[in-house]
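Undergrad: please find the sequence and the predicted model below.
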Amino acid sequence: MTTLEVLNAAASYLDKQGVESPRLNAEHLLAHVLGRKKRIELYLEFERPLGEAERAPLRELVKRRGEGVPLQHLLGTVEFHGREFLCDARALVPRPETEQLVELAAKMLQAPSRIVDVGTGSGVIALTMAFLFPEAGVAGGDVSGDALALAAANREGLGLAERVELLESDLLAAFAGPFDAVLANLPYIPTGEVAGLSREVRCDPLSALDGGADGLALVRRLVAEAGGKMSPGGLLALEIGIGQAAAVAEVLSSNNWRDIAVERDYQGAERFVFARHG
């Protein structure tokens, strides 16, 4: 079979398994198997015959993708804010909304001295902020040792071992302030809704998804904790679930946070809340 025939067969199978964007997924998987940096390179090889040694690993990957394993887990990497990060089942798969959280927060900061990423997971927020603010001290914390190991691998791979501190921490418990900025994409799915999530999302660690009865258990705790560890006027930047903005704004207001602002994501959903303390 030629490259094109193999690609078409893989896309057809993924489509029948209900995978969104089956052709795009098939291209990424085949490029990965063939060691191509960019899937566009496949278009130059459509007539090339593929032997069993190349088709066998692709079949296995396509089968697992059809079973709902996230594409990023199969590839082992994910792109975030223009950089490649290791990605696997130890932490939440970074999503475009979190890139937007970083971009919006960065616009609101001027020469911050200390930044902390709470619930850092694979470390994408902390490490990206370290690139955006090279003069700042940046830290990331997570309650999961497995997630921190993944974040540490990403830190090493990006050459930030000397600049970004990683600590095992329940929210901010292990950190001493003050901080100029606290960013967090905490678990915000209500417990009762976790079982109904897509099979891809359910491959993320449960601890990175389940936010308690209404999804805001950890957000409430962080809002209360962060107040005592902020610099004057320090920024709190939160990614939240759809329909939670009003409740989060109320929690912030009752905990002495000001300049509370809600921002929408690229789909128009109220996805981010920003506030200053004092």
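TA: Right, received. Where do you want to start?
Undergrad: residue nearest the middle of the protein, spatially speaking?
TA: Within the chain, the residue whose C-alpha comes closest to the C-alpha centroid is residue 94; the distance, by C-alpha atoms, centre = their mean, is 2.1 Å.
Undergrad: what about that residue, which helix or strand?
TA: According to DSSP states H and E, residue 94 maps onto no helix or strand at all.
Undergrad: any idea how far it lies from residue 56?
TA: According to C-beta to C-beta, to the nearest Å, residue 94 and residue 56 sit 30 Å apart. Heads up, the C-betas are built off the backbone N, CA and C, glycines and all.
Undergrad: cool, residue 48 as well?
TA: 17 Å.
Undergrad: neighbour count winner among these two?
TA: Shown here are residue 48 and residue 56; by other C-beta atoms under 10 Å, residue 48 has more neighbours (13 against 10).
Undergrad: measure the closest residue to the more buried one other than its chain neighbours to residue 30 for me?
TA: Of all residues not flanking residue 48 in the chain, residue 3 sits nearest, at 5.0 Å (C-beta to C-beta, 6 or more residues apart in numbering). Applying C-beta to C-beta, the value for residue 3 to residue 30 is 7 Å.
Undergrad: what do these two both touch?
TA: By C-beta atoms under 8 Å, 6 or more residues apart in numbering, residue 3 and residue 30 have these common neighbours: residue 42.
Undergrad: next, the distance between the ends of stretch 42-61.
TA: 17 Å (C-alpha to C-alpha, to the nearest Å).
Undergrad: ok, stretch 34-41 next?
TA: Distances were taken as C-alpha to C-alpha; on that basis the terminal residues of stretch 34-41 are 10 Å apart.
Undergrad: could you do stretch 115-130 as well?
TA: 9 Å.
Undergrad: ok, now which ones touch residue 218?
TA: Under the criterion of C-beta under 8 Å, 6+ apart, the contact list for residue 218 reads 119, 171, 186-188, 211-212.
Undergrad: hey, where'd the strands end up in the stretch 101-250 of the chain?
TA: With DSSP state E, counting those that start in this stretch as the criterion, the stretch 101-250 of the chain has strands at 114-118, 137-142, 164-168, 179-184, 230-239.
Undergrad: elements contacting the fourth one?
TA: Contact analysis of strand 179-184 by 3 or more C-beta pairs under 8 Å, 6 or more residues apart in numbering; DSSP states H and E lists helix 96-108, strand 114-118, helix 124-132, helix 217-226, strand 230-239 as its packing neighbours.
Undergrad: neighbouring strands of it in the sheet, and parallel or not?
TA: The pairing partners recorded for strand 179-184 under DSSP bridges are strand 114-118 (parallel), strand 230-239 (parallel).
Undergrad: burial count for the closest residue in space to residue 125 that isn't next to it in sequence?
TA: For residue 125, the nearest residue in space outside its immediate sequence neighbours is residue 117; the separation is 4.3 Å by C-beta to C-beta, 6+ apart. As a burial measure, residue 117 scores 29 neighbours (other C-beta under 10 Å).
Undergrad: give me the local confidence score for residue 117.
TA: The model reports residue 117 with a pLDDT of 98.
Undergrad: mind checking how far it is from residue 159?
TA: Counting by C-beta to C-beta - residue 117 and residue 159 are separated by 18 Å.
Undergrad: if we can go back for a sec, of the contacts of residue 218, closest to residue 68?
TA: Sorting the contacts of residue 218 by distance to residue 68 puts residue 187 at the head of the list, at 20.1 Å, by C-beta to C-beta.
Undergrad: helices of this structure, start to end?
TA: When assigned using DSSP state H, the helices of the chain occupy the ranges 3-16, 22-34, 52-66, 71-75, 96-108, 124-132, 145-157, 217-226, 245-253.
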